[in-house]
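# need a structure here:
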Amino acid sequence: MSIRTLCLWLASLSLVPGQGEEEERIASLVGELWKSGTHLWDGGEGSEDFLAVLAEEVEMRALAAPGDRESLAGGFLVSTLSGGERNISGKEAVTKYFTSWPQLWCDGEIERAKFKVVGVTIDDGTVETESLVSAVSQDHEYNGRWKSRWQIVGKDLVLKEIVVGKGRVVKLKGGPLFRDLTLSLLPADCETDPDLIRGNYEWRQRIPGVFEPDQFGETGISVADVDGDGLEDVYLCQIGGLRNRLWLQQKKGSFVEAASSGLDILDNTTAALFLDLDGDRDRDAVLATAAGVVFFENKGKSGFRMRQRLADARYGFGMAASDFDRDGDLDLYVCQYHHDSRSGRETRGTFPQPVPVHDAKNGGRNLLLRNQGDWVFDDATAELGLEKGNFRLSFASLWEDFDNDGDQDLFVVNDFGPNNYYRNEDGKSFSDCSSFPGVKDGGFGMGLTAADFDRDGYIDLHISNMYSGAGNRIARQDWFHAGKGDELRDSLLQLARGNTLLRNLGGRDFEDRSRESGIAMGRWSWASLAVDLNNDSFEDLLVANGFVTGKEPDDL
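As a prediction, this is how the structure comes out:
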């Protein structure tokens, strides 16, 4: 998904000229004024604009001191920070109190802070806005939701009231959780290697089109013990025209590049899996490339040898493996985001036109490749009942026994619409359960991870999506698709709502717990990973997020 994704979503709003323009103008202005106000916290210059719009009679609800901090394993302290009962009145008093606000919950200076305006309501010259507020010091982080009331004066605003909602403060007792060791562990020449340090845009201007370099650089990375020495190695997929890299881990933790691995191909590669496909107890390789899905046999010290290429599967993105039929060998599910370019509809590196944008059904055809042994894989998609709904823009898939019946079910996450859930019927067929509650609520799905988050014995799901402040503001307006019905309005709002957490209610139904769990606002999310970071036996979430704003030098 790219910036064009958001443009397509906004185009779907079917705005009549003039609708939403004033709300969006005010949202932009309020965002800039709050940005000015954060300089009162970080000691930077530029708070004058915020101070200038404070009304003489402005009010701010005093913040209560943090509640009892809950100590979590692994060095976390968590506490709640909410609005108090007492109001601060008057410009001078509010300015003083607002400036000192960080002292309530952190010991040092604020390093960065942001207000993200997610709601705007205009009523007879009065504006009410809702903002997500985040602030970070060296060892504290605050996240909360604030409301504010403004008066429109000409084209300008006057701030009349600040209402601080409930927020949460997290403190790290032992310093940073992670340390970046990339350059110290990878081979020394990686720091100057042009293949690695030059960006995707620069390379695409130089690579011949025959290599089909991916426009958005949506390439994958895989970690596996490739050489069987007990140490995890790293395989880096690259855009077409740049060779893929295999780095082997050494005993002291550093990495060296594998010589003559057989996997240093130049074809555009979006995903890689390392798994034992032939039963000889070493890791073979499967690559999703512009030349098709390619299978490589691990030949030990002599590297990898290509054994099979499925040339019709040229648009693979996510791949997932499982012995779904329990016959003793691993099978493969391949998500194909695009149509085949030979149909004249799509080419790699271009972005498809989803139709309709909230329920797109013009994606590529996903494949279930059944392992028949001796490096033969047959397309069992239609035979096993996976053809229904198999035309969406699929990014990723995951095998898991969601109904606890002993076989592996399949969940597929889709861009521009609902996801797919197929229940395995004893390895003989699949039942399409995509209309189950929770599953049918779609979005800009890009990644997923599974874990028993609530430890009730059933595996739950986290789906990475996109949170859009503009989408949340616009889709909640009364005029938005007025008269089109709540179902369409809710579907379009769902696209911008953010990440999804589905609680498994027994393998047949899923309950959406996104808002209650607090995971929805994950910004522009891509992949996610469930992992117990603080050793308390509960699975935590790591979510990769970010995109290019075109404005900020460090926008990722």
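# switch to C-alpha atoms for all contacts and neighbour counts from now on
Fine.
# And the strands in the stretch 151-300 of the chain?
156-172, 221-224, 233-236, 245-249, 255-257, 269-275, 284-289, 292-298 (DSSP state E, counting those that start in this stretch).
# Identify the residues contacting the longest helix seen in the chain?
The longest helix of the chain (DSSP state H) is helix 21-42. Helix 21-42 has contacts (CA atoms under 8 Å, 6 or more residues apart in numbering) with 45-51, 98-102, 109-117, 119-122, 129, 470.
# ok, back up a step: as TSV, the strands of the stretch 151-300 of the chain with distance to residue 422, mean pLDDT and mean neighbour count would be great.
Shown next, in TSV, are the strands of the stretch 151-300 of the chain (distance: least, CA to CA, whole Å; pLDDT from 0 to 100; neighbours: other CA atoms under 10 Å):
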stretch	distance to residue 422	mean pLDDT	mean neighbour count
strand 156-172	38	87	20
strand 221-224	26	92	16
strand 233-236	30	95	21
strand 245-249	34	95	22
strand 255-257	40	93	17
strand 269-275	22	94	24
strand 284-289	23	95	25
strand 292-298	23	95	22
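# Show the model's pLDDT score for residue 3.
You'll see residue 3 listed with a pLDDT of 44.
# go on, residue 341?
Looking at residue 341, its pLDDT reads 53.
# One more: residue 151?
93.
# so it sits right up against residue 157, yeah?
Yes - using CA atoms under 8 Å as the test, residue 151 is close enough to residue 157 to be in contact (5.5 Å).
# closest to residue 312 out of the strands of the stretch 151-300 of the chain?
strand 292-298 (6.1 Å; CA to CA).
# How far does stretch 204-215 stretch from one end to the other?
7 Å (CA to CA, to the nearest Å).
# From the contacts of helix 21-42, which land in strands?
Secondary structure from DSSP state E places 112-117, 119-122, 129 of those in strands.
# any low-confidence regions in this structure?
1-20, 63-75, 83-86, 175, 216, 339-352, 357-359, 469-496, 548-556 (pLDDT under 70).
# where along it do the helices fall?
With DSSP H as the criterion, the chain has helices spanning 3-11, 21-42, 48-52, 91-100, 182-185, 194-197, 200-204, 469-475, 486-496, 514-517.
# For the second one, list every residue counted as buried.
If I follow you right, that is helix 21-42. 23-24, 26-27, 29-31, 33-42 (16 or more other CA atoms under 10 Å).
# what's the answer for the last one, then?
Buried residues in helix 514-517, defined by neighbour count with 16+ other CA under 10 Å: residue 514.
# follow-up on the earlier one: just the buried subset of the contacts of helix 21-42, please.
Buried residues within those, defined by neighbour count using 16+ other CA under 10 Å: 47, 50-51, 98-99, 102, 110, 113-117, 119-122, 129, 470.
# Rebuild the strands of the stretch 151-300 of the chain as a markdown table, extending it with distance to residue 414.
Listed next are the strands of the stretch 151-300 of the chain as a markdown table, based on distance: least, CA to CA, whole Å:
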| stretch | distance to residue 414 |
| --- | --- |
| strand 156-172 | 32 |
| strand 221-224 | 20 |
| strand 233-236 | 24 |
| strand 245-249 | 29 |
| strand 255-257 | 35 |
| strand 269-275 | 16 |
| strand 284-289 | 18 |
| strand 292-298 | 20 |
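# With residue 319 as the reference, name the closest of these.
Using CA to CA, the nearest of the strands of the stretch 151-300 of the chain to residue 319 is strand 269-275, at 7.0 Å.
# quick check, distance from that closest one to the centre of its chain.
Its chain's C-alpha centre and that of strand 269-275 lie 20 Å apart, by CA atoms, centre = their mean, to the nearest Å.
# Contacts for it, please.
218-222, 224, 226, 235, 237-240, 244, 282-290, 316-320.
# Let's see it as PDB, backbone CA atoms only.
Extracted in PDB, the C-alpha atoms of strand 269-275 (Å, rounded to 0.1, in the frame of the first residue of the first chain):
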ATOM      1  CA  THR A 269      11.900 -10.900  -5.000                       C
ATOM      2  CA  THR A 270       9.000 -10.100  -2.600                       C
ATOM      3  CA  ALA A 271       9.200 -13.000  -0.100                       C
ATOM      4  CA  ALA A 272      11.400 -15.900   0.900                       C
ATOM      5  CA  LEU A 273      10.700 -19.000   3.000                       C
ATOM      6  CA  PHE A 274      13.300 -21.500   4.300                       C
ATOM      7  CA  LEU A 275      11.800 -24.900   5.100                       C
END
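# how far off strand 292-298 does it point, in degrees?
Using axes from the mean of the first three to the mean of the last three CA atoms, to 10 degrees, the direction of strand 269-275 lies 30 degrees away from that of strand 292-298.
# so what strands line up beside strand 269-275?
Applying DSSP bridges, strand 269-275 is found paired with strand 284-289 (antiparallel).
# What's the separation between residue 88 and residue 546?
37 Å.
# Equivalent analysis for residue 332, please.
30 Å.
# between those two, which one's more packed in?
The residue with more neighbours, out of residue 332 and residue 546, is residue 332; 21 against 14, by other CA atoms under 10 Å.
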